[in-house]
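Peer 1: Sequence plus the predicted model coming up.
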Amino acid sequence: MKALDELTFDNRFARLGDGFSTHVLPEPIDEPRLVVASKAAMALLDLDPTIAETPVFAELFSGHKLWAEAEPRAMVYSGHQFGSYNPQLGDGRGLLLGEVYNEAGEHWDLHLKGAGQTPYSRMGDGRAVLRSSIREFLASEALHALGIASSRALCVIGSTTPVWREKQERAAMVLRLAPSHVRFGHFEYFYYTKKPELQKQLAEHVLSLHFPKCQEQPEPYLAMFREIVESNAELIAKWQAYGFCHGVMNTDNMSILGITFDFGPFAFLDDFDAQFICNHSDDQGRYSFSNQVPIGQWNLSALAQALTPFISVDALRETLGLYLPLYQAHYLDLMRRRLGFTCPEEDDQTLVERLLQLMQGSGVDYTLFFRRLGDESAALAVARLRDDFMDLKGFDAWADLYKARVAREANGGEEQRRERMHAVNPLYILRNYLAQKAIEAAESGDYTEVRRLHEVLSKPFEEQPGMEQYAQRPPDWGKHLEISCSS
């Protein structure tokens, strides 16, 4: 394990120069204090977890101190926001402090969010508030624990610095980690500003560092684009299978690595609702739960347009055509496993679709339904779950098909089925009302709840004695919280 002053920096993105980012120093926040830290994320940097409670830890991740080898840069990019092109966005409140490589040879970006104004702040104050920082921290680590690709979160640092949103709040910073913070919007920026030399330099940087095997292919850029299509198809399949709604799928929030990125008004489904909109600013429902699949393809087509200087339109179009079949294959595989199936059958997709249709409008808790379906035999489970449905006749017909389908499975007995299903169906997820309770306590200076919630969510599939309250259905008020992009 390493101390904080033993990190090894290798700032590869900073070396691209001023055409890609601007040197900016973080603006310190007042009276920094640790709110919560992730031991698992600290381990990615080989850091001793005990140092999180030391004063220097809070000072480094609140802008008071800086490693000598760090080169803080605000990245420039553009992107399509709610379908409209915005020519210049960039890190308006975040800084890429530098890139650290660990003993395993992995590189990790250290990105400090809420670090103050940059040339890309666009009239903003460059700050993040405590509630949004806590939400991003919890979501990053919770998604990772579920097996969903995501940026990671090392810590949240709180302060007494006042900031104004709808009301006066306190500034905070979250330190997030990712192998890269390059977004679709990076390529769009250089494409639309007609800077082919810089776009070529960016493409070579991404190809060599993040897709090295693609360099061995006859068309390296096309191979890279294919990998981006594949990883995003798998990512969104996992979002849909586990009921995660991102809320702001703008192209500047899409990672070239196919990881969940830039958390705003996200939510996990409580009651299943395909039309669920988690962002109350999304008046048209562009980023509703069911729309995430076609929006993923739309965003990939926007990236494809930016890559036309390197790849033929026909090749791009053909590769884009892989997205939906890949998504459907990943999604169906996940849903089969969630239902306890190991051997694919032709009618499985119809069985899944019928279940979701029955859930729609019935107030069925999406997460708990699948967990309880695996608690006992198929016959007993569907009998207990039956009363959650409005269309009892329809559910009975589905249940008969499901029981027959389970009976055809030859993979072990009831105990094996239970273990198999509980390994993929979480008992604990990050519900908005749980996050809200933790935030309210933290805003009053009590960080116990946010730390406990983080610990529970780090083991979502394991039953944790004494933590039953985190596996309950939300109260009515908890299902109707309005979350916006404000941070």
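Peer 2: Arrived safely, thanks for sending. Residues are numbered from 1 along each chain as shown.
Peer 1: Does Ala40 touch Ala142 like I think?
Peer 2: No: if you go by Cβ atoms under 8 Å, Ala40 and Ala142 don't touch, sitting 11.5 Å apart. Yep, even glycine has a C-beta here, placed from its N, CA and C like the rest.
Peer 1: Let me see the contact set for the nearest residue to Pro460 once chain neighbours are set aside.
Peer 2: Of all residues not flanking Pro460 in the chain, Pro426 sits nearest, at 3.8 Å (Cβ to Cβ, 6 or more residues apart in numbering). Each residue near Pro426 by Cβ atoms under 8 Å, 6 or more residues apart in numbering is listed here: 146, 242, 367, 371, 460-461.
Peer 1: mind checking which helix or strand Ala435 is in?
Peer 2: Here Ala435, judged by DSSP states H and E, is contained in helix 432-443.
Peer 1: right, and the helix or strand after that helix?
Peer 2: helix 448-457.
Peer 1: Tell me the helices and strands packed up against that following helix.
Peer 2: Helix 448-457 sits against strand 33-37, helix 130-146, helix 432-443, with contacts defined as 3 or more Cβ pairs under 8 Å, 6 or more residues apart in numbering; DSSP states H and E.
Peer 1: Dump these to JSON lines, plus mean pLDDT, mean neighbour count and distance to Met123.
Peer 2: Output for the helices and strands packed on helix 448-457, formatted as JSON lines (pLDDT from 0 to 100; neighbours: other Cβ atoms under 10 Å; distance: least, Cβ to Cβ, whole Å):
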{"stretch": "strand 33-37", "mean pLDDT": "98", "mean neighbour count": "22", "distance to Met123": "28"}
{"stretch": "helix 130-146", "mean pLDDT": "97", "mean neighbour count": "25", "distance to Met123": "18"}
{"stretch": "helix 432-443", "mean pLDDT": "97", "mean neighbour count": "20", "distance to Met123": "26"}
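Peer 1: Can I get those in JSON lines including distance to Arg405?
Peer 2: Listed next are these as JSON lines, based on distance: least, Cβ to Cβ, whole Å:
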{"stretch": "strand 33-37", "distance to Arg405": "43"}
{"stretch": "helix 130-146", "distance to Arg405": "25"}
{"stretch": "helix 432-443", "distance to Arg405": "33"}
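Peer 1: Determine the set of other helices and strands touching the helix holding Ala435.
Peer 2: Contact here means 3+ Cβ pairs under 8 Å, 6+ apart; on that basis helix 432-443 packs against helix 130-146, helix 448-457.
Peer 1: what angle separates the shortest one from strand 33-37?
Peer 2: The reference is to helix 448-457. Here helix 448-457 points in a direction 20 degrees away from that of strand 33-37 (axes from the mean of the first three to the mean of the last three Cα atoms, to 10 degrees).
Peer 1: what comes into contact with helix 448-457?
Peer 2: The contact list for helix 448-457 (Cβ under 8 Å, 6+ apart) reads 35-36, 38, 134, 137-138, 141-142, 145, 156, 428-430, 434-435, 437-439, 441-442, 464, 467, 470.
Peer 1: could you measure the residue lying closest to Glu27 once chain neighbours are set aside against Ile295, distance?
Peer 2: Nearest residue to Glu27, sequence neighbours excluded (Cβ to Cβ, 6+ apart): Gly116, at 2.9 Å. From Gly116 over to Ile295 the distance is 32 Å, taken as Cβ to Cβ, to the nearest Å.
Peer 1: Over to Phe341?
Peer 2: 29 Å.
Peer 1: what does Glu169 give?
Peer 2: Distance from Glu169 to Ile295, by Cβ to Cβ: 30 Å.
Peer 1: what do you get for Gly126?
Peer 2: Counting by Cβ to Cβ, the separation of Gly126 from Ile295 is 28 Å.
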